[in-house]
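> Give me the fold of what follows.
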Amino acid sequence: MDDNKGDGIPSQVDDITRSLGAVGISDPNQQHDQASASSSSGADPPGGDNSEMVTLPGSTVTIQRKAMEKLYQYAADHFTQQLAAIVFTEKVLAQSAVKENPQEGKQRIPLDKAKVEAIIVATRHRFPEADPEKLQKAIQRKCYNDYYRGK
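Predicted coordinates for the structure are as follows:
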């Protein structure tokens, strides 16, 4: 299997961008969700590399190019969980579940289905052999981990 930890990363991100054409944010809540992907220093100029956005394959979900490039060092499960942490805030993940189900007697809010699907499609774009059900479980583990971290 081709292990693209270095040279292939920018071209794979470019492939994702080209596969959808124009890049833009259509969901006003998406801007809030992207806060975790932003630079903490805020020193990058508005037109700099840090502010360039890419769209996840088959969706309108956008993330920063640099955040996407950093994900390419991870295996499929970790890639999925880290991408979920970029698309959703830690608070949203901690209060949610991939599907509506009870946990410890509490109903958890289901994550936005379109965003979950975008995460799975993007992961399968990088890891074609990845099982979508296992990727959903990886996102669910991320939700539980953030929930227990916040206790």
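> right, and A130 touches H78 too?
No. With contacts counted by C-beta atoms under 8 Å, A130 stays clear of H78, the gap being 11.7 Å. Glycine gets a C-beta too; all of them are placed from N, C-alpha and C.
> more crowded one of the two?
Neighbours per residue, other C-beta atoms under 10 Å: of A130 and H78, the larger number sits with A130, 19 against 13.
> Over to that one. Which of the three states is it?
Three-state assignment for A130 (DSSP: H, G, I helix; E, B strand; the rest coil): coil.
> tell me which residues of stretch 131-144 are tucked away?
Residues L135, Q136, A138, I139, Q140, K142, C143 are the ones in stretch 131-144 that count as buried (16 or more other C-beta atoms under 10 Å).
> for stretch 62-78, same thing?
Using 16+ other C-beta under 10 Å as the test for burial, stretch 62-78 gives T62, I63, Q64, R65, K66, A67, M68, L71, Y72, Y74, A76, D77.
> What mean pLDDT does the strand or helix carrying the fifth one get?
Right, K66. For K66, the host element (DSSP states H and E) is helix 65-71. Across helix 65-71, the average pLDDT comes to 94.
> lowest-confidence helix or strand of the protein?
Counting by mean pLDDT, DSSP states H and E, the weakest-scoring helix or strand in the chain turns out to be helix 28-33, with a mean of 35.
> Secondary structure element holding P57?
Going by DSSP H and E, P57 is not part of any helix or strand.
> quick one: it from A76, how far?
According to C-beta to C-beta, to the nearest Å, P57 and A76 sit 15 Å apart.
> now the buried residues of stretch 62-78 as TSV including distance to K113?
Formatted as TSV, those follow (distance: C-beta to C-beta, whole Å):
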residue	distance to K113
T62	17
I63	18
Q64	23
R65	25
K66	27
A67	22
M68	21
L71	21
Y72	25
Y74	24
A76	20
D77	20
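> can you give me the strands in the protein?
Assigned strands in the chain, in chain order: 53-55, 62-64, 96-97, 102-103, 106-107, 109-110 (criterion: DSSP state E).
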